[in-house]
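**Student:** structure for the following, please:
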Amino acid sequence: MNILLLGATGSIGTSTCNCVRRNPGRFTLAGVSAHRQTETLASIIDEFGPGDVCVSDDAAAAAFDSSLARDVRLRRGKEGLEKLANETDYDILVNALVGAAGFRPTLAALGRGKRVALANKESLVIGGDLIRATVRRTGAELIPVDSEHSAILQCLAGERREDIESIVLTASGGPFREISPENLRKVTPAQALDHPTWSMGAKITIDSATLVNKGFELIEAHHLFNLPYEKLRVCIHPQSIVHSMVEFHDGAVMAQLGVPDMELPIQYALSYPNRLPLHGKRLHLPEIANLSFYEPDMNHFPCLGLCIEAGRMGGTAPVVLNAANEIAVGLFLKEKIGFPDISRIIDQELDGHTAGPAEDTTIIEEIDNQTRNRILSLYS
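**Tutor:** Next up is the predicted model:
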């Protein structure tokens with residue numbers, strides 16, 4: 001199976017490369033992309049020999065072009081990512097890009113009828129209706145990579161969707177689940193980036209601290225499993241051992257458990273519906289001893305409530321949600337705003353937006369750009 005790996009130098013990309021190393025006779029890398037980490041990208045090219053490459057940062061691409069050690073087809077910029085998805089010969093797209101940049105490559109791969117192993121949750125957040133329509137039209141496969149959605153997929157194996165009573169997405173609660181509102185105002189980017197369970201990139205780590213990440217995953221679950229928001233819930237589970245649960249209408253609850261390790265859901269998405277061996281740390285429940293669960297405090301995590309609100313509004317509202325969050329997180333990381341200002345900015349943008357149909361990429365990208373520009377104009 002030929003894999004096109006977008007976001008090859010991030011944590012998901014690194015784990016995907018490990019899966020390819022572990023199964024050399026089964027998987028090959030046909031193409032890869034990186035944003036700025038061209039040294040890491042060069043080592044991936046030397047090891048796996050992909051023929052198609054994209055560097056999405058124009059300046060990094062220009063410098064990288066002159067240093068290519070082997071003959072590869074190099075593309076540049078966000079347009080290059082879409083070209084890679086449209087033109088490379090591959091069987092599976094692993095989309096590990098961060099933010100809205102992942103949307104067009106997802107749509108392109110699904111339009112070609114490919115399997116998409118999706119770690120880029122923003123694709124479904126901003127364009128879920130369009131993506132679902134494309135899957136229906138082409139017969140493509142959309143397989144989740146997020147540990148929570150992979151857990152749900154595994155729990156639903158052989159089950160009927162009409163038997164589902166609810167789905168419970170678990171969340172670690174991030175580093176601030178017990179901090180007071182007064183101290184939240186004093187949170188620094190360094191503190192927010194210190195996640196207690198997972199090792200991730202900066203943007204998704206901040207999203208985990210605000211619970212935007214979990215709100216996005218609710219929207220994802222709505223589209224992936226075709227369930228109304230009334231059947232989707234979040235539960236705080238600090239140990240991150242139970243990755244999600246499915247409740248059935250006879251009272252049975254099925255859960256998928258495992259140590260926090262993204263290589264399992266990534267490999268499962270690549271080999272689905274089969275399972276491949278994966279040697280590593282095993283779950284030993286007596287060692288864990290205690291598993292705890294809490295209802296999320298919406299006053300403590302206002303971003304989660306805003307995500308649910310945007311999801312229920314539908315249409316272009318999740319586009320505004322995502323754009324506002326991306327810009328607000330960037331401003332926070334640059335220390336131009338405080339941690340609670342992330343939710344304040346999202347709230348203001350959603351409050352001022354009248355949702356309309358997100359019928360095509362033009363509408364989605366217009367709303368996305370308008371939202372970003374409006375916020376940036378206030379902090380320039």
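
**Student:** now the helix or strand bottoming out on mean pLDDT in the chain: buried residues?
**Tutor:** Taking mean pLDDT, DSSP states H and E as the measure, helix 181-184 is the helix or strand of the chain with the lowest mean score, a mean of 79. Within helix 181-184, no residue qualifies as buried by neighbour count (16 or more other CB atoms under 10 Å). In short, each C-beta sits where N, CA and C put it, glycine included.

**Student:** convert the C-alpha atoms of it to PDB, please.
**Tutor:** Written as PDB, here are the backbone C-alpha positions of helix 181-184 (Å, rounded to 0.1, in the frame of the first residue of the first chain):
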ATOM      1  CA  PRO A 181     -10.400  31.000  37.200                       C
ATOM      2  CA  GLU A 182      -8.200  33.700  38.800                       C
ATOM      3  CA  ASN A 183      -5.100  31.700  38.000                       C
ATOM      4  CA  LEU A 184      -6.200  30.900  34.500                       C
END
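
**Student:** ok, and what's touching it?
**Tutor:** For helix 181-184, contacts defined as CB atoms under 8 Å, 6 or more residues apart in numbering pick out 176, 300, 339, 340.

**Student:** residue 268 - nearest residue in space that isn't next to it in sequence?
**Tutor:** Across the structure, with CB to CB, 6 or more residues apart in numbering as the measure, the residue nearest residue 268 apart from its sequence neighbours is residue 150 (5.8 Å).

**Student:** show me what the host helix or strand of the one you found is packed against.
**Tutor:** When secondary structure is defined using DSSP states H and E, the element that contains residue 150 is helix 147-155. Using 3 or more CB pairs under 8 Å, 6 or more residues apart in numbering; DSSP states H and E as the contact criterion, the neighbours of helix 147-155 among helices and strands are strand 141-144, strand 164-171, helix 212-225, strand 242-248, strand 253-257, helix 263-271.

**Student:** quick check: mean pLDDT of the last one?
**Tutor:** Okay, so that is helix 263-271. Confidence over helix 263-271, taken as the mean pLDDT, stands at 96.

**Student:** tally of neighbours for residue 302?
**Tutor:** Around residue 302 there are 18 other residues, counting by other CB atoms under 10 Å.

**Student:** name the nearest residue to it, sequence neighbours excluded.
**Tutor:** Closest to residue 302 by CB to CB, 6+ apart is residue 343, at 4.3 Å.

**Student:** name the helices or strands packed onto whatever helix or strand that neighbour lives in?
**Tutor:** Counting by DSSP H and E, the element that carries residue 343 is helix 341-351. Other elements packing on helix 341-351 under the criterion 3+ CB pairs under 8 Å, 6+ apart are helix 202-210, helix 302-313, helix 317-333, helix 361-378.

**Student:** kindly reformat those as JSON lines containing distance to residue 92 and mean pLDDT.
**Tutor:** Converted to JSON lines, the helices and strands packed on helix 341-351 look like this (distance: least, CB to CB, whole Å; pLDDT from 0 to 100):
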{"stretch": "helix 202-210", "distance to residue 92": "22", "mean pLDDT": "89"}
{"stretch": "helix 302-313", "distance to residue 92": "28", "mean pLDDT": "97"}
{"stretch": "helix 317-333", "distance to residue 92": "25", "mean pLDDT": "97"}
{"stretch": "helix 361-378", "distance to residue 92": "23", "mean pLDDT": "96"}
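
**Student:** and these, which is most packed in?
**Tutor:** Per-residue neighbour counts averaged over each of the helices and strands packed on helix 341-351 give the maximum for helix 317-333, namely a mean of 25 (mean count of other CB atoms under 10 Å).
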